[in-house]
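Visitor: 3D, please:
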Amino acid sequence: MSPLLLAVGLTLAAPPAPSAPADGPALFEKLKTLEGNWKAGDKDTARFVSLRVISNGTAVLEMVTGADRTKVLSAAVYHLDGGKLVLAHYGAGGAPRLEAKANGRLDFEGKGGSVSSVTLTPRGDDKLVHETVTAAGKSSLELTREYVDTLK
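Guide: A predicted model of the protein is given here:
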């Protein structure tokens, strides 16, 4: 067999090189549609989540505040890294990095950090379930989109 045919045969038989999940950019676009203000709980136990597309559309900033909206309880930045959708979660336990699972959902998993998973589950245009798993346990917020009149 000629060396050229052998090289072509080996190239065709070689497994494809690993690549980033193809759904990273699609998931990021889905995440961007959640931009806005979200509220969970009643007057005394309220939590507010703000999702903002920032940095010329290259990142989404998430801030979680309490009932008075002045103290930021946690923040996260979502962005693409080599085709993968990732997030850095900033809270009391540092800034663990989590990556979106390859399941077509906004489902993030990390290893060895204070936050082990974050899941965002849209339910139509005005409902969002935000789940976070930490060493202390699981918290879940049932959020409703807040429509704010900025002309007032």
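
Visitor: Please pull out the lowest mean pLDDT helix or strand from this structure.
Guide: Of all helical and strand segments in the chain, the minimum by mean pLDDT, DSSP states H and E falls on helix 3-13, at a mean of 42.

Visitor: downstream neighbour of it in the secondary structure list?
Guide: For helix 3-13, the succeeding helix or strand toward the C-terminus, using DSSP states H and E, is helix 24-32.

Visitor: other SSEs contacting that following helix?
Guide: strand 59-65, strand 72-81, strand 84-90, strand 106-109 (3 or more C-beta pairs under 8 Å, 6 or more residues apart in numbering; DSSP states H and E). For glycine as for every other residue, the C-beta is placed from the backbone atoms N, C-alpha and C.

Visitor: Go through the helix or strand following the last one and flag the buried ones.
Guide: With elements assigned by DSSP H and E, the helix or strand that comes after strand 106-109 is strand 115-122. Under the neighbour-count criterion of 16 or more other C-beta atoms under 10 Å, strand 115-122 has 115, 116, 118, 119, 120, 122 buried.

Visitor: hmm, back to that, the helices and strands packed on helix 24-32 into JSON lines, with extra columns for mean neighbour count?
Guide: Converted to JSON lines, the helices and strands packed on helix 24-32 look like this (neighbours: other C-beta atoms under 10 Å):
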{"stretch": "strand 59-65", "mean neighbour count": "18"}
{"stretch": "strand 72-81", "mean neighbour count": "17"}
{"stretch": "strand 84-90", "mean neighbour count": "21"}
{"stretch": "strand 106-109", "mean neighbour count": "20"}
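
Visitor: For residue 97, which of those strands is the nearest?
Guide: For residue 97, the closest of the helices and strands packed on helix 24-32 is strand 84-90, at 5.5 Å, according to C-beta to C-beta.

Visitor: The closest one: how far from the chain's middle?
Guide: 6 Å (C-alpha atoms, centre = their mean, to the nearest Å).

Visitor: Let me see the mean pLDDT of it.
Guide: For strand 84-90, mean pLDDT rounds to 94.

Visitor: Show me what it packs onto, helices and strands only.
Guide: Secondary elements touching strand 84-90 (3+ C-beta pairs under 8 Å, 6+ apart): helix 24-32, strand 72-81, strand 97-100, strand 106-109, strand 115-122.
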